[in-house]
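Chemist: Build me a structure from this.
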Amino acid sequence: MITDWISISPKLAAFGREVERDCRPVFERIDEICEHNEAKVLSAFMECGVSETHFIGSTGYGYGDRGREVLDEVYAKVMGTEDALVRHNFVSGTHALSVALFGVLRTGDTLVSLTGAPYDTMEEVIGIRGEGNGSLKDFGVHYRQLDLLGDGSVHLAAVAEAVKDCKVAYIQRSRGYSLRESLSVAKIGEIICEIRKGNPDAVVIVDNCYGELVEKQEPSAVGADLLVGSLIKNPGGAIAQTGGYIAGKAKLVELCSYRLTAVGMGKEVGCTLNQSRGMFMGLFFAPGVVASALKTSVFALRMFERLGYQVFPRYDAPRTDIIAAIKLNRPEALVAFCQGIQKGSPVDSFVSPEPWDMPGYESQVIMAAGAFTMGASIELSADAPLREPYAVWLQGGITYHTGKIGILLAAQSMLEQGYLSLD
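Modeler: Got it, this is the predicted structure:
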């Protein structure tokens, strides 16, 4: 019993057991997808002949680093693409996306976001916010976006017209700090179908963050040209200490590699500094870790749905990413939730998070994350901007049972501060 070790109200613990029973059919579905993806990842390791020698790090220029080359090959197979660029020196998902956009776009080109406004940290990269900082806008790249419909869905009928003269059609798979539905691979396929009608030559770039290995396929299977993500989210399996990836058509990946390093050098340089083992091992563990994160998410969604809160998505909805959003309606409840998540963390459980002015964000943000890798959102974490609708975005949980404890402690924090009732 978890109450033998963790101080949780017996009434709340009993309620949690009821919630868990509701979730069991959904857990079975998650396990079936996990088994498929674990087989896919294992097959990629076997086909690429991964060897212990590939874990040895290089220094300096990193010429002839076979481990780096094989890691790219493994990622390309798992992602279903021609090539991949997987590097520890991508500092974040935003950095990897920035490299991809600057790698493909040129002065006078147009970038169109088909999923409304992009994630907050991309605003300055594009030039929506800030001036003279070296954004795409500063380099003469034009931007426009196709706003979402009133129900939060993509305006599919307007896609073909929106992309007619663009170089890059940009799709954000996950919901970001919004309450729209995240996009399934099938839905991304529908969008790409419309893109091809309006502009067959458009480069389709998918921000794949939080979505890797949640479904059996990746967006490349439905026509995406480039997929971009972070290794401290899903594909790093909570083992990679840093890094990101760009996977897709070989010519486009090469252009991106020139932006990351230097024109003419591209993928041929870049030492690995003993990071290769963690990146290989993280990918191997990733399907199981993603499954744990999804189960934690499902448990949280069902619990707070039963407590009367709006949740996005429903607990039993098919999933395409690990993000769950819970509308808590008031800033104090949001802070209490995050403080409870922090109490259930293996690292810094004694810390009490508070909102702060975080770089790259327009509003104050509160973040709860006691993670082995700083900022790793595949580990249990919760964050939100302090603005309407005062929803919290929850992700991660590298083991389901500890993730469940974190959710129970979040509920208990709200209960103790008077923002939640079990009656």
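Chemist: Walking through the chain, point out its strands one by one.
Modeler: Shown for the chain, the strands assigned by DSSP state E span residues 83-87, 110-113, 142-145, 168-172, 203-207, 226-230, 244-248, 310-312, 324-327, 365-369, 381-385, 391-395.
Chemist: next one: the second one to chain centre, how far?
Modeler: Just to be clear, that refers to strand 110-113. 21 Å (Cα atoms, centre = their mean, to the nearest Å).
Chemist: next one: the first one
Modeler: Between the centre of strand 83-87 and the centre of its host chain there is 17 Å, according to Cα atoms, centre = their mean.
Chemist: Where does pLDDT dip in the stretch 101-250 of the chain?
Modeler: Judged by pLDDT under 70, the stretch 101-250 of the chain has no weakly predicted residues.
Chemist: try 80
Modeler: 177 (pLDDT under 80).
Chemist: can you give me the helices in it?
Modeler: For the stretch 101-250 of the chain, the helices defined by DSSP state H, counting those that start in this stretch occupy 122-126, 159-162, 185-198, 250-260.
Chemist: Looking at the strands of the chain, spot the one closest to L420.
Modeler: Judged by Cβ to Cβ, the one of those that comes nearest to L420 is strand 324-327, at 11.3 Å. Bear in mind the C-beta positions are built from the backbone N, C-alpha and C, glycine included.
Chemist: Need phi/psi at G223.
Modeler: Here is the backbone geometry of G223 (degrees, to the nearest 10): phi 110, psi 0.
Chemist: With E28 as the reference, measure out to it.
Modeler: As judged by Cβ to Cβ, to the nearest Å, G223 and E28 stand 31 Å apart.
Chemist: want to throw the strands of the chain into a markdown table with mean neighbour count?
Modeler: Listed next are the strands of the chain as a markdown table, based on neighbours: other Cβ atoms under 10 Å:
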| stretch | mean neighbour count |
| --- | --- |
| strand 83-87 | 26 |
| strand 110-113 | 22 |
| strand 142-145 | 16 |
| strand 168-172 | 25 |
| strand 203-207 | 27 |
| strand 226-230 | 29 |
| strand 244-248 | 30 |
| strand 310-312 | 19 |
| strand 324-327 | 24 |
| strand 365-369 | 22 |
| strand 381-385 | 24 |
| strand 391-395 | 25 |
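Chemist: Next, format these as TSV and append distance to G344.
Modeler: Converted to TSV, the strands of the chain look like this (distance: least, Cβ to Cβ, whole Å):
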stretch	distance to G344
strand 83-87	31
strand 110-113	35
strand 142-145	37
strand 168-172	29
strand 203-207	29
strand 226-230	23
strand 244-248	28
strand 310-312	19
strand 324-327	15
strand 365-369	9
strand 381-385	10
strand 391-395	12
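Chemist: Which one of the ones you listed lies nearest to L156?
Modeler: Of all those, strand 168-172 comes closest under Cβ to Cβ, at 12.1 Å.
Chemist: deepest of the helices of the stretch 101-250 of the chain, which one?
Modeler: Highest mean neighbour count among those (mean count of other Cβ atoms under 10 Å): helix 122-126, with a mean of 21.
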